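1. fold the following for me, if possible:
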Amino acid sequence: MRKKILALTTSSVLSTMITGCAIQPTEQVSSHEWLQDKEYNLTILHTNDNHGNFWKNKYGERGMAARATLINNIRNEVKAEGGSVLLLSGGDINTGVPESDLQDAEPDFIGMNMIGYDAMTLGNHEFDNSLDVLAKQEGWANFPFISANIYKDGERMFDAYKIFNKDGIKIAVIGLTTEDTAKIGNPEFISELEFRDPKVEAKALIAELKATEKPDVIIAATHMGHYLNGDNGSNAPGDVQLARYLNEGDLDMIVGGHSQEPVCMEGAEYAKFKPGQDCAPDVQNGTDIVQAHEWGKYVGRADYTFKNGEFTLQSYNLIPVNLKKKIKVDGKKKRVLIQDEIAQDPAVFAKLKPFQEKGQAALNIKIGQSDGLLQGERNIVRNNQTNLGRLIATAHMQRAKADFAMMNSGGVRASIEAGNITYKDVLTVQPFGNIITYVDMTGQDVMDYLNVVGTKSRDSGAYAQFVGISMTIANNKVTNVEIAGKPLDTAATYRFTIPSFNAAGGDGYPNITAHPAFVNTGYVDAEVLKDYIQENSPINVSDFAPRGEIKHL
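-> Predicted coordinates:
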């Protein structure tokens with residue numbers, strides 16, 4: 001694309017020179033608005049996977065008020081140097097912080113409006129609520145929601161792209177959403193939607209844009225995930241495979257999300273990146289790929305030059321938003337800022353404070369305590385059985401009077417620290433409002449079910465936490481199953497409980513909602529967990545520690 005533009009403009013100039021400038025402006029062959037041989041500066045700013053983090057955390061990190069100050073400072077700096085700025089979001093505004101969840105992420109969209117986002121792609125968590133809520137959120141936003149591969153009734157549900165003109169440079173930003181949304185989104189809300197292959201949609205759309213809009217630069221704002229060398233495991237293909245699928249040079253940049261990585265490379269491997277360090281984006285098939293980790297911890301900044309059709313990355317940084325590190329002072333650990341403090345924008349702070357206070361009033365209520373850490377950290381709970389995963393499953397199993405329980409690790413969103421446990425802690429761990437369901441199955445049917453669910457890949461939200469059951473998993477098969485300490489009897493009947501999300505087919509689990517013995521209890525998962533903690537406090541974390549019940553060979 002870039003070479004063709006350069007060739008076209010060079011041809012136009014030569015033609016003009018040969019004919020003695022006889023071509024009038026209305027007769028110009030090239031339709032671009034930028035000037036030949038002039039160098040333009042364009043800065044792309046981006047965030048992703050906000051997950052309700054509109055407010056700073058208890059250590060004073062992150063928050064949209066500080067983010068606003070940082071972005072406004074960058075805008076002023078770039079403007080003073082004669083450049084322009086484009087601000088994009090890689091999606092997943094919803095779900096993760098109770099103060100936001102209880103208010104349908106209204107404060108997050110208000111904050112994004114005040115910061116001045118230009119466009120946002122749809123993340124899978126935009127479908128955690130009903131489509132009515134999503135429509136309300138789209139109405140709140142002063143910026144477009146874009147996604148080329150989400151269809152309803154055979155038509156695209158959102159605009160596939162938006163065109164921006166920055167100093168005469170025509171920029172097309174296309175939106176793409178992971179096709180995994182079909183299995184990890186709430187089936188109750190997305191049954192009428194179709195999530196098509198974003199690679200195929202992107203290739204066709206780029207060809208269409210070249211023929212019609214003729215953009216100078218094409219950027220994809222995606223929520224697909226970055227997987228090293230394209231190895232996506234059980235996840236849908238992500239940004240690396242997208243870039244490789246397209247023609248080289250078709251896509252200038254991918255602003256990503258979903259895998260919640262700081263995409264900083266050292267050769268072909270991830271760098272051991274720490275806040276404040278240099279960050280080199282991934283480059284695949286001529287496309288720069290970036291992602292700014294999660295929760296507004298960073299603002300990604302990519303500084304490009306544009307000259308004669310060539311769009312060239314000059315520098316890239318992940319700028320920490322008041323992130324801190326621990327150091328020892330007089331033998332004690334203390335948190336200190338990694339970089340200079342970013343002041344909170346007073347207007348954004350004042351606008352969002354009432355939302356924070358409203359949420360806090362309902363959430364900071366002590367419901368119990370524990371004698372140690374309940375482990376729900378993403379990279380741990382999606383790869384191993386943990387005490388928190390087993391605690392949640394135990395609460396569900398007790399409420400359903402079941403023989404055993406399963407809990408998808410993607411539904412465990414945070415750890416719970418030792419000490420007092422609040423209602424907010426519980427809602428942070430389980431923010432989706434899933435319902436406890438159960439089903440009675442024969443032992444043979446249970447075995448068939450386990451051979452699907454028990455073999456789900458690690459490092460994915462589909463990986464299951466189990467309680468009340470033991471098994472061996474090898475060669476994509478489950479064996480040595482015991483329930484309540486006794487070998488599974490294929491002729492016996494067993495009851496197990498599972499979140500409604502998975503019962504309806506979420507995470508690629510078998511849909512069991514039509515089973516004649518299926519029961520939706522009506523009990524919300526977070527409420528069940530809250531009640532269990534209240535009734536069994538103080539929680540002895542060792543009671544829920546895994547003891548090798550699930551063996552992976």
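2. so Val478 is in which element?
-> Secondary-structure element containing Val478, defined by DSSP states H and E: strand 477-483.
3. which residue ranges of the stretch 51-200 of the chain form strands?
-> For the stretch 51-200 of the chain, the strands defined by DSSP state E, counting those that start in this stretch cover 84-89, 119-121, 145-146, 150-152, 155-156, 161-166, 169-177, 193-195.
4. just checking, next helix/strand downstream of the worst-scoring helix or strand of the chain on mean pLDDT?
-> The helix or strand of the chain with the poorest confidence is helix 2-18; it has a mean of 33 (mean pLDDT, DSSP states H and E). Moving toward the C-terminus from helix 2-18, the next helix or strand (DSSP H and E) is strand 40-47.
5. about what we covered before: report the rounded mean pLDDT for the strand holding Val478.
-> Averaged across strand 477-483, pLDDT comes to 97.
6. check the offset of it from the chain's centre.
-> In terms of Cα atoms, centre = their mean, to the nearest Å, the centre of strand 477-483 is set 34 Å apart from its chain centre.
7. kindly report the same for stretch 92-99.
-> Chain-centre distance of stretch 92-99: 11 Å, with Cα atoms, centre = their mean.
8. can you give me the end-to-end distance of that stretch?
-> Using Cα to Cα, to the nearest Å, the end-to-end distance of stretch 92-99 comes to 16 Å.
9. give the buried residues for it.
-> Neighbour-count burial for stretch 92-99 flags 92-99 (criterion: 16 or more other Cβ atoms under 10 Å). (Each C-beta comes from the backbone N, C-alpha and C, glycine too.)
10. ranking the strands of the stretch 51-200 of the chain by burial, who's on top?
-> Comparing these by mean neighbour count (mean count of other Cβ atoms under 10 Å), strand 119-121 ranks first with a mean of 28.
11. distance between the ends of stretch 489-503?
-> End to end - Cα to Cα - stretch 489-503 spans 23 Å.
12. a markdown table for the buried residues of stretch 92-99, including pLDDT?
-> Formatted as a markdown table, these follow (pLDDT from 0 to 100):
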| residue | pLDDT |
| --- | --- |
| Asp92 | 95 |
| Ile93 | 97 |
| Asn94 | 92 |
| Thr95 | 86 |
| Gly96 | 80 |
| Val97 | 86 |
| Pro98 | 84 |
| Glu99 | 90 |
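13. residues of the strand holding Val478 that come out buried?
-> Within strand 477-483, judged by 16+ other Cβ under 10 Å, the buried ones are 478, 481, 483.
14. wait, the last one sits on Gly468?
-> Yes. With contact defined as Cβ atoms under 8 Å, Ile483 reaches Gly468; the gap is 6.6 Å.
15. okay, and the common contacts of the two?
-> Here Ile483 and Gly468 have 403-404 as joint contacts, going by Cβ atoms under 8 Å, 6 or more residues apart in numbering.
16. which of the buried residues of strand 477-483 sits closest to Leu205?
-> Nearest to Leu205 among the buried residues of strand 477-483: Val478, at 42.3 Å, using Cβ to Cβ.
17. hey, what's the closest one bridged with?
-> Beta-bridge partners for Val478, by DSSP bridges, are Ile473.
18. quick one, what contacts it?
-> 447, 450-451, 454-455, 471-472.
19. got CSV for these, with secondary structure too?
-> Shown next, in CSV, are the contacts of Val478 (DSSP: H, G, I helix; E, B strand; the rest coil):
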residue, secondary structure
Met447, helix
Leu450, helix
Asn451, helix
Gly454, coil
Thr455, coil
Met471, strand
Thr472, strand
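20. for the buried ones among those residues, write the corresponding ChimeraX selection.
-> The following ChimeraX line selects those of the contacts of Val478 that are buried, judged by 16+ other Cβ under 10 Å:
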select :447,450,454,455,471
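21. which of the contacts of Val478 sits closest to Met224?
-> Nearest to Met224 among these, with distances taken as Cβ to Cβ, is Thr455, at 24.3 Å.
22. got the phi and psi for that closest one?
-> For Thr455, the backbone dihedrals are phi -100, psi 10 (criterion: degrees, to the nearest 10).
23. could you report the neighbour count for the closest residue in space to it that isn't next to it in sequence?
-> Of all residues not flanking Thr455 in the chain, Asn476 sits nearest, at 5.0 Å (Cβ to Cβ, 6 or more residues apart in numbering). Here the count is done by other Cβ atoms under 10 Å, and Asn476 has 9 residues near it.
24. how close does Asn476 sit to Glu549?
-> 19 Å (Cβ to Cβ, to the nearest Å).
25. repeat for Lys166
-> 57 Å.
26. what do you get for Glu535?
-> 24 Å.
27. tell me which stretches of the stretch 251-400 of the chain form strands.
-> Using DSSP E, counting those that start in this stretch, strands in the stretch 251-400 of the chain cover 253-255, 265-266, 269-270, 282-284, 287-290, 298-307, 310-320, 324-329, 332-337, 366-370.
28. next one: phi and psi at Glu208?
-> phi -60, psi -40.
29. which residues in the stretch 451-553 of the chain form helices?
-> Shown for the stretch 451-553 of the chain, the helices assigned by DSSP state H, counting those that start in this stretch span residues 500-503, 525-536.
30. out of everything not next to it in sequence, what's closest to Pro538?
-> Gln369 (4.9 Å).
31. mind checking pLDDT for that neighbour?
-> 97.
32. ok, it - contacts?
-> Counting by Cβ under 8 Å, 6+ apart, Gln369 makes contact with 419-421, 537-539.
33. try 10 Å
-> Gln369 is in contact with 416, 418-422, 533, 537-539, counting by Cβ atoms under 10 Å, 6 or more residues apart in numbering.
34. and for Gly96?
-> Applying Cβ under 10 Å, 6+ apart, we find Gly96 in contact with 49-53, 105, 125, 128, 294-295, 413-414, 427-428, 431-432.
35. may I ask you to confirm that Asp531 is in contact with Ile367?
-> Yes. Using Cβ atoms under 10 Å, Asp531 makes contact with Ile367 at a distance of 8.7 Å.
36. give me the common contacts of the two.
-> Listed as contacting both Asp531 and Ile367 by Cβ under 10 Å, 6+ apart are Val426.
37. just say helix, strand or coil for Ala204.
-> Reduced to three states by three-state DSSP, Ala204 is helix.
38. could you give the number of residues near it?
-> Around Ala204 there are 12 residues (other Cβ under 10 Å).
39. is it true that it touches Arg156?
-> No. Checked against Cβ under 10 Å, the pair Ala204 and Arg156 is beyond contact range at 11.9 Å.
40. let me see the contact set for the nearest residue to Ile365 once chain neighbours are set aside.
-> Closest residue to Ile365 apart from its sequence neighbours, by Cβ to Cβ, 6+ apart: Tyr423 at 4.9 Å. Contact partners of Tyr423, counting by Cβ under 10 Å, 6+ apart, are 98, 362-367, 526-527, 530, 533-534.
41. go with 6 Å
-> Shown in contact with Tyr423 (Cβ atoms under 6 Å, 6 or more residues apart in numbering): 363, 365, 367.
42. cool, Gly60 as well?
-> For Gly60, the contact set (Cβ under 6 Å, 6+ apart) comprises Asn322.
43. is Tyr494 in a bridge, and if so with what?
-> Beta bridges link Tyr494 to Met441, judged by DSSP bridges.
44. please report the distance of it from Ala402.
-> 8 Å.
45. do Ala462 as well
-> 20 Å.
46. compare these two (neighbour count), which wins?
-> For Ala462 and Ala402, the more surrounded residue by other Cβ under 10 Å is Ala462, and the numbers stand at 25 against 22.
47. quick one: Pro198 and Thr178 touch, right?
-> No. Here Pro198 lies out of contact with Thr178, judged by Cβ atoms under 6 Å, at a distance of 7.2 Å.
48. what about this protein, any weak spots by pLDDT?
-> Within the chain, the segments meeting pLDDT under 70 span 1-31.
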